[in-house]
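*Asks:* What follows is a predicted structure for the sequence shown.
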Amino acid sequence: MLNLDTSQVSLSREEMERFSRHLILPEVGLEGQKRLKAGKVLCIGTGGLGSPLLLYLAAAGVGRIGLVDFDVVDVSNLQRQVIHGTSWVGKPKVESAKNRILEINPYCQVDVHETALKSHNALELFADYDVIVDGTDNFPTRYLVNDACVLTGKPNVYGSIFRFEGQATVFNYEDGPNYRDLYPEPPPPGLVPSCAEGGVLGILPGIIGVIQATETVKILLGVGNTLSGRLLLYDALKMSFRELKLRKNPATPPITELIDYEQFCGIPQAQAAEQANQSEIVEITVAELKARIDAQKDFVLIDVRNPNEWEIGRIPGAQLIPLPQIENGDGVEQVRQLVNGSELIVHCKSGMRSAKALGILQAAGIQGKNLKGGILAWAEAYDPSIPKY
């Protein structure tokens, strides 16, 4: 149970009315509500997971909430990041979140840290808080949050989401396991697509974020059984929950310092390899493609996006052969038959997947060019009717 000092904490008459449904719960009561007000929670990220958990932590009466984020609100965030609104598009997420938190609970102190969490600032940021909530979406930051929590002795309330599935647990609490006991090594870069690449059901972070908020409140109150030592798995398509036991791994090396987590996760190495591959890929601009279309030149345009992306919009004359088909070999022969001596141009959303597809095709002896910027660049220059997604 966290050692929270409530000796100097009091609730005003308005707060007593606001939190009355808590006060009549035997597990909370007046002392529990004071513990919530005395509690200090730092949320890393104010996006999909951060949005619902921050709304409910504020509503529950947590007295001090810290926000760490350096991003701005984008219109594509609004499908799932419910703490932000249309009027905040283009503005800092931390300011948007602070505004909404104070609208819910004006008695909450909101600390804004408009910065990226890095090894040089994590320990200092974590020192002032009782509980750290991980709302991030990338492996380097997850390992950094974990290691900083271990070094500072803070509970780490963890959540992750992808497409229709989510996970939640509590790390580093009451001598329980930490993130490295679950994932000793990060996956190879690019193996796990981001939400921007793979998509995510907008409701999913609401489920997982609310679970994180619940665990945070229970830790502050010191009631119930937390998810420490248990990994909760949620499948929205099946509407099912599963639970896996987690144990401390005696083979896990001790954490003694913060490191370069980008290097640890292989990001620089992957970027260097990608740049080396890109140097072998010939690019073509959307202006050059438009000139070929206008001149009715003989070429084959292959779109390697997924079929659902194809339905959003397409470049005239393109033929769909999704990247997975090229990766499994079937698409390679389709492309070979289509090209038959013609110039080959390949595109995707922004140019990354098409470059990967071209690498596979060129290894099979099929030369081609990559459309720089993909269909997004085409839409920007020539076809505004194609939605940006």
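*Replies:* That came through, no problem. Numbering: from 1, shown residues only.
*Asks:* In this structure, what helix or strand scores lowest on average pLDDT?
*Replies:* Least confident helix or strand, the chain: helix 267-279 with a mean of 64, by mean pLDDT, DSSP states H and E.
*Asks:* Mind checking what helix or strand follows it in sequence?
*Replies:* The helix or strand immediately downstream of helix 267-279 is strand 282-284, counting by DSSP states H and E.
*Asks:* which secondary structure elements does that next one contact?
*Replies:* With contacts taken as 3 or more Cβ pairs under 8 Å, 6 or more residues apart in numbering; DSSP states H and E, strand 282-284 sits against strand 369-371. Any C-beta I mention is one placed from the backbone N, CA and C, and that applies to glycine too.
*Asks:* which parts of the strand it packs on are buried?
*Replies:* For strand 369-371, the neighbour count (16 or more other Cβ atoms under 10 Å) marks Lys369, Asn370, Leu371 as buried.
*Asks:* And those residues, which is closest to Phe264?
*Replies:* Of all the buried residues of strand 369-371, Asn370 has the smallest distance to Phe264: 30.3 Å, by Cβ to Cβ.
*Asks:* Quick check: the closest residue to Gly29 other than its chain neighbours vs Lys238, distance?
*Replies:* Spatial nearest neighbour of Gly29, excluding adjacent residues (Cβ to Cβ, 6 or more residues apart in numbering): Leu23 at 6.2 Å. In this view, Leu23 and Lys238 are 38 Å apart by Cβ to Cβ, to the nearest Å.
*Asks:* Which of those two has more residues huddled nearby?
*Replies:* Set Leu23 next to Lys238 and count neighbours by other Cβ atoms under 10 Å: Leu23 wins out with 17 against 10.
*Asks:* residue ranges with poor pLDDT in this protein?
*Replies:* 270-279 (pLDDT under 70).
*Asks:* for the residue nearest in space to the middle of it, what are its contacts?
*Replies:* In the chain, the residue lying closest to the centroid (Cα atoms, centre = their mean) is Asp137, at 2.5 Å. Asp137 makes contact with Gly45, Gly47, Gly48, Ser160, Ile161, Ser194, Cys195, according to Cβ atoms under 8 Å, 6 or more residues apart in numbering.
*Asks:* and which of those is nearest to Thr285?
*Replies:* Distances from Thr285 to the contacts of Asp137, taken as Cβ to Cβ, are shortest for Ser194 (25.9 Å).
*Asks:* Checking the nearest residue to that closest one once chain neighbours are set aside next. Helix, strand or coil?
*Replies:* Distances taken as Cβ to Cβ, 6+ apart put Asp137 closest to Ser194, at 6.6 Å, once the chain neighbours are dropped. Following DSSP: H, G, I helix; E, B strand; the rest coil, Asp137 is assigned to coil.
*Asks:* for the stretch 101-250 of the chain, what spans make up the helices?
*Replies:* Taking DSSP state H, counting those that start in this stretch as the criterion, the stretch 101-250 of the chain carries its helices at 122-126, 139-152, 179-182, 195-198, 204-221.
*Asks:* Figure out how far the first one is from the centre of its chain.
*Replies:* Yep, that's helix 122-126 we're talking about. Distance of helix 122-126 from the chain centroid (Cα atoms, centre = their mean, to the nearest Å) equals 21 Å.
*Asks:* and what of the longest one?
*Replies:* Between the mean C-alpha point of helix 204-221 and the mean C-alpha point of its chain there is a distance of 17 Å (Cα atoms, centre = their mean).
*Asks:* Outside of stretch 285-297 itself, which residues are in contact with it?
*Replies:* With contacts defined as Cβ under 8 Å, 6+ apart, stretch 285-297 is touched by 299, 301, 315-317, 343, 345, 371-373, 377-378, 381-382.
*Asks:* Could you write me a ChimeraX select line covering just the buried ones among these?
*Replies:* In ChimeraX, the members of the contacts of stretch 285-297 classed as buried (16+ other Cβ under 10 Å) are selected with the following command:
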select :299,301,315,345,371,372,373,377,378,382
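*Asks:* farthest pair in the contacts of stretch 285-297?
*Replies:* Across those, no pair lies farther apart than Glu343 and Ala381, at 20.3 Å, counting by Cβ to Cβ.
*Asks:* ok, the residue nearest to Gly29 - contacts?
*Replies:* Listed by Cβ under 8 Å, 6+ apart, the contact set of Leu23 reads Met16, Gly29, Leu30, Gln33.
*Asks:* okay, those residues in a markdown table with distance to Gly351, secondary structure and neighbour count next?
*Replies:* Below are those laid out as a markdown table (distance: Cβ to Cβ, whole Å; DSSP: H, G, I helix; E, B strand; the rest coil; neighbours: other Cβ atoms under 10 Å):
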| residue | distance to Gly351 | secondary structure | neighbour count |
| --- | --- | --- | --- |
| Met16 | 58 | helix | 13 |
| Gly29 | 58 | helix | 14 |
| Leu30 | 59 | helix | 14 |
| Gln33 | 53 | helix | 25 |
